[in-house]
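Enquirer: Based on what follows, work out the 3D shape:
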Amino acid sequence: MHVWMNGRLLAREDAHVPVTDRGLLLGDGLFETMAVRNGEVCDLHGHLERLNSGLEVLRFGEAVDTDELGPAIKQYIGSQKASCGVLRLTVTRGTGPRGLTPPAEVSPTLLMTLSPMPPRREAISLRIATVTRRNEHSPLSRIKALPYLDNVLALLQARASGADEALLLNTRGAIACASAANIFVIRDGCLETPPIEDGALPGTTRARILSWAGEAGLAPREVSLGPQAVATADHVFLTNSVSLVQEARECEGRSLNRRAASAIDRLRSLLMSASQ
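Expert: This is a model prediction of the structure:
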């Protein structure tokens with residue numbers, strides 16, 4: 001399997017970034033993780049739209065032509081004959097001088113890799129991270145910025161306790177998201193998820209789930225959620241581009257209700273149909 005780097009197909013062992021690349025030194029960049037099904041990226045438009053938003057936040061959007069990225073992604077997938085997998089697109093500001101100040105002229109580094117689709121997991125267990133919190137006041141909470149160490153620390157803590165996934169609280173103690181997913185709860189016929197203002201990443205799958213809630217018989221609401229909302233919900237699930245809908249079976253060692261199976265099945269069916 002080859003990688004795509006700055007317009008060239010390379011063997012993985014031949015793909016390198018300079019030691020002065022700001023993505024390597026400062027985490028100065030973005031990434032998108034996309035599911036490939038039937039040889040196509042699912043919701044490519046949504047991913048590129050979010051990438052554009054992130055580039056604007058980091059102030060080097062003019063250096064990356066995202067209109068050209070769509071065809072490049074399709075060409076790369078076709079060259080690897082990948083009918084199914086996970087594509088990661090990484091964009092850094094490129095090289096620069098020592099220090100924080102970006103170079104006057106940006107020459108970004110663009111990298112694409114393909115990996116096998118991970119096996120689907122059954123209902124998972126959750127732990128609330130205590131080693132770190134998500135800063136809902138930071139603009140980085142709303143983009144897929146390269147620095148993901150808060151998420152890494154949260155996941156390590158969850159795994160050390162025997163759980164599958166971590167939930168991150170924001171600075172006010174409300175749930176923001178999981179380490180690599182958005183969180184939803186179903187309660188009294190409502191589909192609830194934390195608002196972006198609480199530090200939730202604007203996930204592409206999150207957006208689609210909210211738009212299709214009515215078709216599953218649910219009323220969508222973006223509302224702050226505390227740990228108690230998870231403990232007492234009719235159903236809890238996580239979403240991201242790769243796993244789509246992942247049900248939760250327990251949190252903090254306590255079993256969670258799973259009383260909205262028909263709504264979950266409907267949402268999962270809608271996502272799979274859109275991915276065909």
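
Enquirer: I figured residue 3 was touching residue 111, is that so?
Expert: Yes. Using C-beta atoms under 8 Å, residue 3 is in contact with residue 111, at 6.6 Å. C-beta coordinates here come from the backbone N, C-alpha and C atoms, glycine included.

Enquirer: anything in contact with each of these two?
Expert: Here residue 3 and residue 111 have residue 15 as joint contacts, going by C-beta atoms under 8 Å, 6 or more residues apart in numbering.

Enquirer: residue ranges of the helices in the stretch 151-276 of the chain, please?
Expert: 204-212, 227-232, 261-274 (DSSP state H, counting those that start in this stretch).

Enquirer: And those, which one averages the lowest pLDDT?
Expert: Set side by side, these give their lowest mean pLDDT on helix 261-274, at a mean of 93.

Enquirer: can the helices of the stretch 151-276 of the chain go into a markdown table with extra columns for mean neighbour count and distance to residue 178?
Expert: Shown next, in a markdown table, are the helices of the stretch 151-276 of the chain (neighbours: other C-beta atoms under 10 Å; distance: least, C-beta to C-beta, whole Å):
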| stretch | mean neighbour count | distance to residue 178 |
| --- | --- | --- |
| helix 204-212 | 20 | 11 |
| helix 227-232 | 15 | 11 |
| helix 261-274 | 16 | 17 |
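
Enquirer: Now distance to residue 44 too, for the ones you listed, in CSV please.
Expert: Formatted as CSV, those follow (distance: least, C-beta to C-beta, whole Å):
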stretch, distance to residue 44
helix 204-212, 10
helix 227-232, 32
helix 261-274, 12
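
Enquirer: of those helices, which approaches residue 118 most closely?
Expert: Among the helices of the stretch 151-276 of the chain, the nearest to residue 118 by C-beta to C-beta is helix 204-212 (15.4 Å).

Enquirer: residues in contact with that closest one?
Expert: 43, 46-47, 50, 182, 184, 191, 193, 200, 220, 222, 239-241, 244-245, 267, 270-271, 274.

Enquirer: out of these, which are buried?
Expert: 43, 46-47, 50, 182, 184, 191, 193, 200, 220, 222, 239-241, 244-245, 267, 270-271 (16 or more other C-beta atoms under 10 Å).

Enquirer: Keep only those of these that are in strands.
Expert: Cross-referencing the buried ones among the contacts of helix 204-212 against strands under DSSP state E gives 182, 184, 191, 193, 220, 222, 239-240, 244-245.

Enquirer: now, the most widely separated pair of those?
Expert: Largest pairwise distance in those, by C-beta to C-beta, is 19.9 Å, between 222 and 244.

Enquirer: who's in contact with the closest residue to residue 266 other than its chain neighbours?
Expert: Distances taken as C-beta to C-beta, 6 or more residues apart in numbering place residue 216 nearest to residue 266, at 4.1 Å, with adjacent residues excluded. Neighbour list for residue 216: 191, 263, 266-267, 270 [criterion: C-beta under 8 Å, 6+ apart].

Enquirer: Where does pLDDT dip in the chain?
Expert: 276 (pLDDT under 70).

Enquirer: Show me it divided up by domain.
Expert: 2-115, 124-274 (automatic domain parsing).

Enquirer: Residue 191 bridge partners, please.
Expert: Note on residue 191: beta-bridge partners residue 186, residue 220, judged by DSSP bridges.

Enquirer: isn't it right next to residue 217, touching?
Expert: No. The criterion here is C-beta under 8 Å, and residue 191 misses it with residue 217 at 9.5 Å.

Enquirer: got any residues that touch both of these two?
Expert: With C-beta under 8 Å, 6+ apart as the test, residue 191 and residue 217 both reach residue 263.

Enquirer: Can you give me every residue that contacts residue 125?
Expert: 162-165, 248-251.

Enquirer: now swap in residue 86 and tell me
Expert: Residues in contact with residue 86 (C-beta under 8 Å, 6+ apart) are 33-36, 114-118, 242.

Enquirer: where's it, which helix or strand?
Expert: strand 84-92 (DSSP states H and E).
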